[in-house]
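*Asks:* 3D, please:
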Amino acid sequence: MELLDITFKDLLNPEFYIVYGGLWLFLFIVYAETGLLAGFFLPGDSLLFVAGIYSNELITKGLRIDLNSEFIHLLILTVLVIICGVAGNTTGYWFGKKSGPTLYSRKDTF
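*Replies:* Coordinates of the predicted model:
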């Protein structure tokens, strides 16, 4: 088994996630950036751009679907990104609603 030589520079490179992580890591990053507190350092916008370029490879390898249409593959990827973004946003909202009252439970009178 060969170990990857990963540097901090690689973690900021969006193509690194597409090549070594594939579709599922990409979708988790979209979810983490919108809903989790730890996803803020990930390259979100540039990762979306690179995923659009590699959408054909992501869908054929990630979902094992080959429809011979780059447009359909891009459409499937777009729907998956929307689902992960909405799910992450819902998770972030739920987390804020559950932890918010405990953080601000002190009653200040002005």
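*Asks:* ok, so what distance separates the spatially most central residue of the chain from Y17?
*Replies:* What sits nearest the mean C-alpha location of the chain, by CA atoms, centre = their mean, is V30, with 1.8 Å. Here the distance between V30 and Y17 works out to 11 Å (CB to CB, to the nearest Å). (Glycine included, C-beta is placed from N, CA and C.)
*Asks:* list residues touching both of these two?
*Replies:* With contacts taken as CB atoms under 8 Å, 6 or more residues apart in numbering, the residues that reach both V30 and Y17 are L47.
*Asks:* Lowest-scoring secondary structure element of the chain by mean pLDDT?
*Replies:* helix 8-11 (a mean of 74; mean pLDDT, DSSP states H and E).
*Asks:* centre of the chain versus that one, how much separation?
*Replies:* Relative to the centre of its chain, helix 8-11 is centred 17 Å away, using CA atoms, centre = their mean, to the nearest Å.
*Asks:* Tell me which residues of it come out buried.
*Replies:* Under the neighbour-count criterion of 16 or more other CB atoms under 10 Å, helix 8-11 has nothing buried.
*Asks:* ok, and what's touching it?
*Replies:* Residues contacting helix 8-11 (CB under 8 Å, 6+ apart): F16.
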